[in-house]
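**Q** Sequence and computational prediction follow.
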Amino acid sequence: MRTWQLVGTLLVVTGPVLILSGVQNTLLVLSLMVPGVLILMVNALLQKNETSLRCRLGLHTYERVSWKEDGPGEIIECQRCKRRKEVMRGF
């Protein structure tokens, strides 16, 4: 199923590339980008194993759990799937 992810990504990326190259046909650009996004969404729903559908699509809801003790970062955790990340907040 990795090939479907590659196909979807290429379809999504061709839209901005065509716009930058000067193509004025908006229908052509949208007809490439919309199926690409749909392919990526269906692939994520089928391949990932999180329980929540939103987490499978990458729409996590993170909240701060604690601060890192050895640096200026923090540890955040998704409220639904309990996925943890170490992040560094900017100014």
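**A** Noted; the coordinates are in hand.

**Q** Please make it C-alpha for all contacts and neighbour counts, starting now.
**A** Noted.

**Q** which parts of stretch 36-51 are buried?
**A** For stretch 36-51, a neighbour-count test (16 or more other CA atoms under 10 Å) marks G36, V37, I39, L40, M41, N43, A44, L45, E50 as buried.

**Q** List just the nearest of these to L6.
**A** Closest approach to L6 among the buried residues of stretch 36-51 (CA to CA): L40, at 8.7 Å.

**Q** Count the neighbours of the closest residue to that closest one other than its chain neighbours for me.
**A** For L40, ignoring the flanking residues on the chain, the nearest one in space by CA to CA, 6 or more residues apart in numbering is G8 at 5.4 Å. Residue crowding around G8 was assessed by other CA atoms under 10 Å; the count is 22.

**Q** Then S66?
**A** With other CA under 10 Å as criterion, S66 counts 12.

**Q** contacts for stretch 55-64?
**A** The contact list for stretch 55-64, computed with CA atoms under 8 Å, 6 or more residues apart in numbering, reads 41, 44-45, 48-50, 54, 74-81.

**Q** mind exporting it as CSV, just the C-alpha atoms?
**A** Listed next in CSV are the C-alpha coordinates belonging to stretch 55-64 (Å, rounded to 0.1, in the frame of the first residue of the first chain):
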residue,chain,number,x,y,z
CYS,A,55,-5.9,10.2,14.9
ARG,A,56,-5.5,7.9,11.9
LEU,A,57,-5.8,11.0,9.7
GLY,A,58,-3.1,12.8,11.8
LEU,A,59,-5.5,15.2,13.5
HIS,A,60,-4.3,14.6,17.0
THR,A,61,-5.3,16.7,20.0
TYR,A,62,-2.2,17.3,22.1
GLU,A,63,-2.0,18.6,25.6
ARG,A,64,1.1,19.3,27.7
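
**Q** I'd like to know how far the residue nearest the centre of the chain sits from L45.
**A** When the chain is reduced to its mean C-alpha position, the nearest residue by CA atoms, centre = their mean turns out to be G58, at 5.3 Å. As defined by CA to CA, to the nearest Å, G58 lies at a distance of 10 Å from L45.
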